[in-house]
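Q: need a 3D model of the sequence below.
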Amino acid sequence: MSNTKVEICGIDTSTLPLLSHELMRETFVRLQSGDLSAKEELVIGNLRLVLSIVQRFAYRGEQADDLFQVGCIGLLKSIDNFDLKHNVRFSTYAVPMIIGEIRRHLRDHHAVRVSRSLRDIAYKAMKAKEQFVHENLREPTLEDLAKITEIPSEDILFALDAIQDPLSLHEPIHHDGGDPVCMMDQLQDTLVSEERWLTYVSVKETVQQLDMRQQKILSRRYYYGETQTEIARDLGISQAQISRLEKHAIGQIRETLGKGEPGKK
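A: Got it, this is the predicted structure:
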């Protein structure tokens with residue numbers, strides 16, 4: 001990072017030290033040998049890392065100071081849980097944990113209300129993911145998470161999708177020749193009309209408002225192509241009940257979409 005002065009939470013970040021990989025390992029050895037002063041050195045020596053991550057979320061409408069403090073919580077957790085036996089750079093281990101802490105903060109303060117059951121499933125899956133990464137040094141698959149949590153993979157997928165914070169159209173994706181390329185620069189699609197895209201977004205939001213059983217039925221019927229009889233057998237209810245639940249869910253979607261069309265109430 002450059003030495004440009006940036007003040008955040010009352011800290012002049014241009015004066016912050018930057019620890020080398022070798023010094024970082026030496027400081028962790030001191031910490032894990034009982035030298036508590038080493039922890040403060042590790043925190044101060046990695047505040048620039050937190051700042052660089054906070055800048056990725058600059059377009060989310062949150063105060064930078066607040067995100068910086070949340071990111072520091074993730075940094076402290078990373079320091080407490082880092083194990084030198086993994087033989088990886090601390091930044092490689094810390095970055096996902098800091099990002100995860102910030103994303104949890106953004107989800108908890110999200111304007112869109114998500115049901116408690118979905119949030120519980122999502123947080124259980126994220127906790128399992130963090131533990132899996134810590135133990136295996138790789139990202140878990142959806143099947144890995146389903147096995148660990150004993151929650152069906154489609155339920156985990158619905159829950160994680162429901163709590164995703166929206167991405168700003170002005171958020172930089174990458175830099176091209178020095179100028180940032182934003183999400184809105186990548187959205188043009190001549191094959192899909194604006195009306196069709198808005199309909200897709202409306203349907204997705206409406207489906208997320210259905211209860212978990214209705215979402216599961218629609219997913220298995222129209223995504224996985226299962227029959228009502230197959231779903232009924234798996235859920236332990238009658239095919240007639242599946243049919244009624246499916247029709248009711250589709251009716252809710254049509255009703256919600258109808259309210260948004262001109263001339264309809």
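Q: which of the helices or strands spans residue 76?
A: Element membership for residue 76, per DSSP states H and E: helix 64-81.
Q: after that helix, next one along is what?
A: Per DSSP H and E, the first helix or strand lying C-terminal to helix 64-81 is helix 90-108.
Q: okay, buried residues for the next helix or strand after that next one please.
A: Later in the chain than helix 90-108, the nearest helix or strand by DSSP H and E is helix 116-136. Neighbour counts over helix 116-136 (16 or more other CB atoms under 10 Å) mark 118-119, 121-126, 128-129, 132-133 as buried. C-beta coordinates here come from the backbone N, C-alpha and C atoms, glycine included.
Q: tilt between the helix holding residue 76 and helix 90-108?
A: Angle of helix 64-81 versus helix 90-108, following axes from the mean of the first three to the mean of the last three CA atoms, to 10 degrees, is 130 degrees.
Q: quick one: helix 64-81 to helix 116-136, angle?
A: Interaxial angle, helix 64-81 versus helix 116-136 (the same axes, to 10 degrees): 50 degrees.
Q: what mean pLDDT does helix 64-81 get?
A: Helix 64-81 shows a mean pLDDT of 89.
Q: residue 151: what's it in contact with?
A: 121, 124-125, 145 (CB atoms under 8 Å, 6 or more residues apart in numbering).
Q: that one: what secondary structure?
A: coil (DSSP: H, G, I helix; E, B strand; the rest coil).
Q: sort out which one of the buried residues of helix 116-136 lies nearest residue 81 for me.
A: residue 133 (10.7 Å; CB to CB).
Q: correct me if wrong: that closest one contacts residue 139.
A: Yes: in terms of CB atoms under 8 Å, residue 133 counts as a neighbour of residue 139; the distance is 6.5 Å.
Q: rewinding a little: columns distance to residue 24 and pLDDT on top of the buried residues of helix 116-136, output as TSV?
A: Output for those, formatted as TSV (distance: CB to CB, whole Å; pLDDT from 0 to 100):
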residue	distance to residue 24	pLDDT
118	39	78
119	36	78
121	36	88
122	33	85
123	31	84
124	32	90
125	31	89
126	27	88
128	28	90
129	25	88
132	24	89
133	20	86
